[in-house]
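Q: just to be clear, the model below is a prediction. Sequence and coordinates:
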Amino acid sequence: MDITVLIGVILGFGMMIFGIVSGSGDFATFINIPSLIITVGGAVSSAITANKKVVTFGIAKTIMTALKEPKIDYVGNLRTLVSFAEKARREGLLSLEANIEELQDPFFKKAVQLVVDGTEPEVLRSMMEMEIEMATNELLDQKGFFDSLGTFGPAFGMIGTLVGLIQMLKSLNNPETLGPSMAVALITTLYGSILANIVGIPVAEKIAKRAAELELSKRMILEGVLSIQAGENPRVLEEKLKSYLPSSERTKYEAQVQGASA
């Protein structure tokens with residue numbers, strides 16, 4: 001689990017509550033159930049309307065996408081690709097068939113299987129590019145739900161404020177109620193901003209990063225497999241694919257290579 005999501009959300013709410021309590025000391029003033037229903041209920045209902053059914057009814061999966069640490073083994077995949085390249089140069093592409101079942105990544109397994117089956121490079125690239133696009137789009141669809149919360153949260157906060165102002169204007173004949181009524185009206189705007197800036201937008205950004213990591217990993221695998229199919233020198237392949245590694249993963253890979261050669 002990627003605890004940074006939970007830490008960020010909890011810390012955001014915690015700092016806000018601390019600021020309220022240490023300032024006015026009256027936290028109960030900021031609790032208003034009707035305002036909460038208008039803002040959160042309205043934003044969620046609009047997000048449901050705006051997004052695909054599979055995303056809406058799979059909201060638990062969407063939340064887990066944000067919370068779950070992606071299992072991407074950049075270093076392991078690169079080492080496997082280099083070893084496959086060396087084996088293919090020695091024994092031919094068909095020799096890789098014996099290693100297919102060892103692969104845990106379905107994308108990696110399918111790409112190598114297509115090479116062993118003699119698929120043309122252009123066809124292989126087209127098929128696997130489509131796989132990448134579909135996997136990435138699935139994550140971006142999930143991101144869209146939280147984007148919607150980030151968009152509709154402030155909007156429904158403003159709607160709630162307008163509702164509160166209308167109710168306040170009905171009570172103009174009683175000046176003593178104007179201040180409290182105005183405070184209640186503005187709470188919905190606060191709720192909308194909280195929903196957008198502590199939950200909606202940050203979680204959407206997290207899922208976008210997940211999609212980028214997934215795409216990078218799959219593109220590295222695809223380029224590696226195509227290079228193996230083309231009979232590229234394993235050392236050239238290695239240097240080319242190292243450019244796909246994040247800096248921390250590249251350092252880790254080079255340390256492993258140096259340790260193995262020592």
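A: Good, I have the coordinates.
Q: run through the stretch 151-262 of the chain and note the low-pLDDT ranges.
A: Along the stretch 151-262 of the chain, the parts satisfying pLDDT under 70 run over 260-262.
Q: alpha carbons of whichever strand or helix holds residue 240, in PDB - could you do that?
A: Applying DSSP states H and E as the criterion places residue 240 in helix 234-242. What follows is helix 234-242, C-alpha atoms only, in PDB (Å, rounded to 0.1, in the frame of the first residue of the first chain):
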ATOM      1  CA  PRO A 234      22.700  -7.000 -25.800                       C
ATOM      2  CA  ARG A 235      25.000  -4.200 -24.700                       C
ATOM      3  CA  VAL A 236      23.400  -1.700 -27.000                       C
ATOM      4  CA  LEU A 237      19.900  -2.900 -25.900                       C
ATOM      5  CA  GLU A 238      21.000  -2.500 -22.300                       C
ATOM      6  CA  GLU A 239      22.200   1.100 -22.700                       C
ATOM      7  CA  LYS A 240      19.100   2.000 -24.700                       C
ATOM      8  CA  LEU A 241      16.700   0.700 -22.200                       C
ATOM      9  CA  LYS A 242      18.500   2.200 -19.200                       C
END
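Q: buried ones in that helix?
A: Within helix 234-242, the residues that qualify as buried are 234, 237-238, 241-242, counting by 16 or more other C-beta atoms under 10 Å. Where C-beta positions appear, they are placed from N, C-alpha and C, glycine not excepted.
Q: do the same with stretch 166-182
A: Those would be 168, 181, for stretch 166-182 by 16+ other C-beta under 10 Å.
Q: got the end-to-end distance for that stretch?
A: 10 Å (C-alpha to C-alpha, to the nearest Å).
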